[in-house]
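Asks: Whatever this is, show me its structure:
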Amino acid sequence: MKSIVVLHHLLLFFFLLFSHVSSWKKEEFRNCNQTPFCKRARSRKPQHCNLIATDVTINDGDLVAKLITPNRFEQNPDQNSTDFQPNPLILSLSVYQDGILRFKIDEDPVYNPPKKRFQVPDVVVSEFESKKLWLQRYTKGVIDGESFFVYLFDGYEAVVRSDPFEVFVREQSSGKRVVSFNTHGLFDFEQLRVKKEGDEWEERFRTHTDSRPFGPQSISFDVSFYGADFVYGIPEHATSLVLKPTKGPGVEESEPYRLFNLDVFEYLHESPFGLYGSIPFMLSHGKSHGTSGFFWLNAAEMQIDVLGTGWDAESSIVLPSDQKRIDTLWMSEAGIVDAFFFIGPKPKDVVKQYASVTGTSAMPQLFATGYHQCRWNYRDEEDVKNVDSKFDEHDIPYDVLWLDIEHTDGKRYFTWDRALFPHPEEMQKDLFSRGRRMVTIVDPHIKRDDNYHIHKEASKNGYYVKDASGKDFDGWCWPGSSSYIDMVNPEIRSWWADKFAYSEYVGSTPSLYIWNDMNEPSVFNGPEVTMPRDALHYGKVEHRELHNAYGYYFHMATSEGLLKREGGKDRPFVLSRAFFPGTQRYGTVWTGDNIAEWEHLRVSVPMILTLGLTGITFSGADVGGFFGNPDTELLVRWYQVAAYLPFFRGHAHHDTKRREPWLFGERNTELMRDAIRVRYTYLPYFYTLFREANVTGVPVARPLWMEFPYVEATFNNDEAFMVGTGLLVQGVYAQRARDATVYLPSDHTWYDLRSGTAYKGGKTQKVEVTDADIPVFQRSGTIIPRKDRFRRSTVQMENDPYTLVIAVDGSGSAEGELYIDDGKSYEFKEGAYIHRRFIFSNGMLTSVNLAPSTSKFESDCTIERIILLGHTTKSKTARIEPSNQVTDIELGPLQIRSGVRSSVLTIRKPNVRVSDDWNIKLL
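Replies: Have a look, this model is predicted:
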């Protein structure tokens, strides 16, 4: 009998496994009509909400009010009970420095709700509260009824209107609105209840039943952005950068944008369907106002409609007709309203405001910014050694080799298959001897095996997520029967972090880093391939309330583990598939299981740009596509685009053909080698930009409109992108392309980095392309640092000299920066770094120190070449001060690459140290 049960489980597992790796099945996932809270919210008409803000006071530095229903008659007929009368809600509104308004709406604890609604912990950074501006008073006024005003920031004020209830921010001088909440009266808040006899709250989807023990508890509301031409953000979706309308006249695709972390393989491009991560942060941008933002801190499933023009044609609400606006509808299954308005008004202001709430990106180790080679799976130690040696044989640089799930002993994480990897420490040390690292995978599903030490400890200590009955949740994933660590509990996260100690993770070394996959979490036999919503976490929190944050807490615990392992000295590297606001503080993400198709290359750019806009700058897409076999031209083009994106990794499914760069003939090997070398050439620039992201939150890869916020032609352009302020990259997304159409923004000259040719901005250029590269332009007025010597990894580049590429503007001027630290530790936080600003003006290049005068970090690296683009000097020499030396100016190559024959003005061998103050004057 036992053998029959085992056989049944094995057959079920292989069926689920096969189903998982076959193509995406739409019917396995709910749409809005199959999601009751979404269907209810979408059916409501403007002016549905009849709440009134009353009893307004200042308490603990906040403006506080009660939201009541007149005469306490039924607010919400969707509560499914004729005798239900909702209790008052509590509104609290807080003001923070730099143009941030936070407001919360929750049930009033005075009325003893059945339980406390979940508020997401450990996302808002602790230092944010120190930026609170404690309100002392408010003023009363009349805007279509009684209203309450508090000063917000630099000519802006927040307004709470009483009847009907509304919150908005406006300019004090003009009265023009910026962003508003509940302007259309779509706010609805389903309150928790005690189940009575006859209440039928269960929800069913396919073969699964959700018990919903506290009844419907969803929240929905409208948010309007004024002066907006487009809205962006709310990843993760495989769509254009601009969020297209999902509801309204003429809208064909009527599904909202879904935020619900799911394991979606071979996902569709141009779909509002939610993927692996969720960031409920939306930005608007327009020529009249600029940029503003809205963030809802909520970890439950969310659906968001972008409402098309005319959606409210039957509404009687009168709004200012002189202000263009975009309306949106936000719907969530659970939680509270914990929302933030970001006033901007510039694009970088908004991302900085968001970063002040959720944190900036962690500073990566230098090696992590290089090229990563991955496959499911490199078979054994011999395969690893062969792949590593082939990179050297073909002079292709790389920094990290990855191992997927097959390296483990039967999918037991923190173990090795000793038949295939008998000497893991020696393998890692061998890679490290050539300056390379290794990454292994650690997923959240733990094999239910009484002989597996992780399972034994987790089971004994009660560290697993529970099912609705209180037993350890048992689901199916790669190991078969699995349970899932309850990462919401800080004590359990600390226990998990301890597992990365060398004594616990036997076979690991200091050069081993970690990859968290399947952490949405993925459950092969669960509803929508994930955990049931009524599963229970620490504190009796239902999974529905925190689903989108589960992977975030897993990522956090893993990152803390690597930090503990090294005594807090070295920066962790952890890649995660699932993400949530705050993920940027713990590591890197990628766009998941994409496909080897041209459209997936194309959509990877807006996906990565959107992640950058919403805080996660260190992201990338699997080069070549995870599923399928790319044709050679597609693979080459993918390398050429991905070389300029923040996270650069080649990865493929085990059913695909091997695709290491040397397997496609000599010419294609050369092309892929050149693309990877380009990345290494620009690593000084990338690393400087990662430091900017670490300090300010401004992303490395940026949409054009972030740099050119008044140029309307950039607002919906997502085929090109900026790397920092200096490089414009135009991808090639079609087979056999012989030219590319590139819009170059106005008021600048743009220098083609293949030839040095200057193009005037403000128009669309048609430029020739070959198989050798894609169009990349340097913006006039910028100085970009490079390293031009070819090495096998970042370690060998450490002491190499720098090249500075100066692209002068119309006045003959340019500026740029260079940041250097030890590339691995946290000593930079104590001021141990070099930070230089280079200024070129009136024929003189000056190096200015931006680092603390007490900095003890030094480098003997020098400037080897200085390239001048757009400078018309007839000078033959330049004087270097303070050494009073003279060096030659002559023609030299713009790039040291095969097939590039351009000659440009070059100051040869000035040999000044990057860490010193100096100037170089053209004579």
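
Asks: At which residues are the helices of the stretch 451-600 of the chain located?
Replies: Secondary structure of the stretch 451-600 of the chain by DSSP state H, counting those that start in this stretch: the helices cover 453-461, 490-498, 543-546, 550-565, 598-613.

Asks: need the next SSE after the last one, C-terminal direction.
Replies: Which is helix 598-613. Per DSSP states H and E, helix 598-613 leads on to strand 619-620 as the next helix or strand towards the C-terminus.

Asks: who does that following strand pair up with?
Replies: Paired with strand 619-620 in the same sheet, following DSSP bridges, are strand 588-590 (parallel).

Asks: Which among the helices of the stretch 451-600 of the chain is found nearest to Phe230?
Replies: helix 598-613 (11.9 Å; CB to CB). Yep, even glycine has a C-beta here, placed from its N, CA and C like the rest.

Asks: which other helices and strands contact the closest one?
Replies: Packing partners of helix 598-613 (3 or more CB pairs under 8 Å, 6 or more residues apart in numbering; DSSP states H and E): strand 230-233, strand 619-620, helix 632-642, strand 701-702.

Asks: Just list what the very next helix or strand once past the longest one packs against, helices and strands only.
Replies: Sequence order places strand 648-650 as the next helix or strand after helix 632-642, per DSSP H and E. Using 3+ CB pairs under 8 Å, 6+ apart as the contact criterion, the elements in contact with strand 648-650 are strand 371-373, strand 622-623.

Asks: Which elements pack onto the longest one?
Replies: Spelled out, that is strand 371-373. strand 400-403, strand 648-650, helix 666-681.

Asks: The last one now?
Replies: Using 3+ CB pairs under 8 Å, 6+ apart as the contact test, the elements touching strand 622-623 are helix 632-642, strand 648-650.

Asks: closest to Arg544 out of these?
Replies: strand 648-650 (33.0 Å).

Asks: Adjacent strands (with direction) for the closest one?
Replies: strand 371-373 (parallel), strand 622-623 (parallel).

Asks: Give me the residues contacting that strand.
Replies: Residues from elsewhere that reach strand 648-650 (CB atoms under 8 Å, 6 or more residues apart in numbering): 369-374, 402, 590, 620, 622-624, 639, 642, 659-661, 679.

Asks: Report the distance from stretch 265-280 to the chain centre.
Replies: 13 Å (CA atoms, centre = their mean, to the nearest Å).

Asks: how about it: buried residues?
Replies: 265-269, 271-280 (16 or more other CB atoms under 10 Å).

Asks: Check stretch 845-853 too.
Replies: 845-847, 851.

Asks: now swap in stretch 521-540 and tell me
Replies: Per 16+ other CB under 10 Å, stretch 521-540 contains these buried residues: 521-538.

Asks: re earlier: would you format the strands paired with strand 648-650 as CSV with mean neighbour count and mean pLDDT included?
Replies: Shown next, in CSV, are the strands paired with strand 648-650 (neighbours: other CB atoms under 10 Å; pLDDT from 0 to 100):
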stretch, mean neighbour count, mean pLDDT
strand 371-373, 25, 98
strand 622-623, 28, 98
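
Asks: Below-threshold pLDDT in the protein: ranges please.
Replies: Within the chain, the segments meeting pLDDT under 70 span 1-24, 72-84, 253, 316, 318-322, 897-901.

Asks: Domain map for it?
Replies: For the chain, automatic domain parsing gives the domain ranges 32-124+145-194+201-234+279-305+325-350, 366-699, 705-922.

Asks: And the ones you listed: which comes nearest Ala313?
Replies: domain 32-124+145-194+201-234+279-305+325-350 (10.1 Å).

Asks: Count the neighbours of the closest residue to His555 other than its chain neighbours for me.
Replies: Excluding the flanking residues, the one nearest His555 by CB to CB, 6 or more residues apart in numbering is Ser576, at 4.1 Å. Other residues near Ser576 number 27, with proximity taken as other CB atoms under 10 Å.

Asks: still on that earlier bit, can I get the domains of the chain in TSV with distance to Thr360?
Replies: Converted to TSV, the domains of the chain look like this (distance: least, CB to CB, whole Å):
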stretch	distance to Thr360
domain 32-124+145-194+201-234+279-305+325-350	13
domain 366-699	5
domain 705-922	12
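
Asks: for those, which one sits closest to Pro249?
Replies: domain 32-124+145-194+201-234+279-305+325-350 (13.1 Å).

Asks: Please compute how far that closest one lies from its chain's middle.
Replies: 24 Å.

Asks: Check stretch 452-471 too.
Replies: Worked out by CA atoms, centre = their mean, stretch 452-471 lies 31 Å from the chain centre.

Asks: So what would you say the end-to-end distance of it is?
Replies: Stretch 452-471 has an end-to-end distance of 19 Å (CA to CA, to the nearest Å).

Asks: any residues touching that stretch, and which ones?
Replies: By CB under 8 Å, 6+ apart, stretch 452-471 touches 211, 213, 412-414, 446-450, 472-474, 483-486, 489, 492, 495, 499, 531-532, 534-537, 543.

Asks: With stretch 596-603 instead?
Replies: 238-240, 269-270, 594, 621, 624-630, 634-635, 637-638, 641, 656, 719, 731, 733-735.

Asks: Return the set of buried residues in that stretch.
Replies: 596-598, 600-603.

Asks: Kindly format the C-alpha coordinates of stretch 827-838 as CSV.
Replies: Taking Å, rounded to 0.1, in the frame of the first residue of the first chain, the C-alpha atoms of stretch 827-838 are listed here in CSV:
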residue,chain,number,x,y,z
GLU,A,827,34.9,51.0,4.3
PHE,A,828,33.5,53.5,1.8
LYS,A,829,30.9,54.3,4.4
GLU,A,830,33.7,55.6,6.6
GLY,A,831,35.0,57.8,3.8
ALA,A,832,37.5,55.4,2.3
TYR,A,833,37.1,56.3,-1.4
ILE,A,834,38.2,58.5,-4.2
HIS,A,835,35.6,60.7,-5.8
ARG,A,836,36.8,63.2,-8.5
ARG,A,837,35.0,65.7,-10.6
PHE,A,838,36.6,66.5,-14.0
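
Asks: Buried ones in it, by neighbour count?
Replies: Quick answer for stretch 827-838 (16+ other CB under 10 Å): 828, 832-836, 838.

Asks: Buried residues of stretch 91-98, list them for me.
Replies: Buried-residue list, stretch 91-98, by 16+ other CB under 10 Å: 91-96.

Asks: which one of the residues you listed sits closest to Ser508?
Replies: For those, the nearest to Ser508 is Tyr96 (41.8 Å; CB to CB).

Asks: Quick check, that closest one in contact with Trp134.
Replies: No: counting by CB atoms under 8 Å, Trp134 is not a contact partner of Tyr96; they are 10.4 Å apart.

Asks: mind listing which of the buried residues of stretch 265-280 are in helices?
Replies: Applying DSSP state H to the buried residues of stretch 265-280, no entry is found in helices.

Asks: which two in the residues you listed are spaced the farthest apart?
Replies: Largest pairwise distance in those, by CB to CB, is 25.5 Å, between Glu266 and Pro280.

Asks: Near the closest residue in space to Gln47 that isn't next to it in sequence, how many other residues are there?
Replies: The shortest distance from Gln47 to any non-neighbouring residue, by CB to CB, 6+ apart, is to Gly185 (4.1 Å). Residues contacting Gly185 under the criterion other CB under 10 Å number 21.

Asks: Quick check: Gly185 vs Pro245, distance?
Replies: 20 Å (CB to CB, to the nearest Å).

Asks: Kindly report the same for Leu152.
Replies: In terms of CB to CB, Leu152 sits 29 Å off from Pro245.

Asks: thinking again about what came up before, which one of the buried residues of stretch 845-853 is nearest Leu689?
Replies: Ala851 (16.9 Å).

Asks: Sticking with the closest residue to the closest one other than its chain neighbours, tell me its helix or strand.
Replies: Excluding the flanking residues, the one nearest Ala851 by CB to CB, 6+ apart is His835, at 4.3 Å. Assigned by DSSP H and E, His835 belongs to strand 834-841.
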